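Asks: this one's sequence-less:
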């Protein structure tokens, strides 16, 4: 089993990437800002991919871990990948009222709340206990 297919690793990375609570995310998804950012599939004038993902994330967060299917873990890996890629594209300056932040929030991550731990690195709890590593060890833009 590869590290990528390890359910424990996937679950840990998902819960680190998604820093919004289910109720908070659900409330966000009802806003106009949430509904107007993101990519729409070709030919669909409806819901954006990120908004649809946000609804799935709310469902995942509300379920017990034992109820998760392989498809759920696959979506969790997709969420982690999206959040990590998008965080690497952080614009300079104040991001509070940007489409960049709103798009990330549709995927369950509010970048204003806390930084995302590096892939395969210490968990958010460990960072809270021991502090953020020196900038030289954090990678670009972190």
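Replies: That came through, no problem. Note that the structure is predicted; figures quoted are calculated from it, not measured.

Asks: work out for me the element residue 101 sits within.
Replies: helix 99-106 (DSSP states H and E).

Asks: that helix - contacts with which helices or strands?
Replies: helix 22-29, helix 32-35, helix 49-62, helix 70-87 (3 or more C-beta pairs under 8 Å, 6 or more residues apart in numbering; DSSP states H and E). C-betas here are computed from N, CA, C, even on glycine.

Asks: at 6 Å what do you get?
Replies: In this structure, helix 99-106 packs against helix 49-62, with contacts taken as 3 or more C-beta pairs under 6 Å, 6 or more residues apart in numbering; DSSP states H and E.

Asks: show me what contacts residue 105?
Replies: Neighbouring residues of residue 105 by C-beta atoms under 6 Å, 6 or more residues apart in numbering: residue 28.

Asks: now it: how far from residue 5?
Replies: 28 Å (C-beta to C-beta, to the nearest Å).

Asks: next, the angle helix 49-62 makes with the helix holding residue 101.
Replies: Relative orientation of helix 99-106 with respect to helix 49-62: 40 degrees, computed using axes from the mean of the first three to the mean of the last three C-alpha atoms, to 10 degrees.

Asks: so what's the gap between helix 99-106 and the chain middle?
Replies: 10 Å (C-alpha atoms, centre = their mean, to the nearest Å).

Asks: let's have the chain start at 26 instead
Replies: Sure, I'll start numbering at 26, so the last one becomes helix 124-131.

Asks: leaving out chain neighbours, which residue sits closest to residue 66?
Replies: Once flanking residues are discounted, residue 66 sits nearest to residue 74: 6.7 Å by C-beta to C-beta, 6 or more residues apart in numbering.

Asks: I meant residue 73, not that one.
Replies: Of all residues not flanking residue 73 in the chain, residue 63 sits nearest, at 3.3 Å (C-beta to C-beta, 6+ apart).

Asks: residues near that neighbour, how many?
Replies: 19 (other C-beta atoms under 10 Å).

Asks: help me confirm that it comes into contact with residue 129.
Replies: No. With contact defined as C-beta atoms under 6 Å, residue 63 does not reach residue 129; the gap is 10.2 Å.

Asks: where does this structure dip in pLDDT?
Replies: Where the chain drops to pLDDT under 70, the residues are 26-29, 68-70, 139-167.
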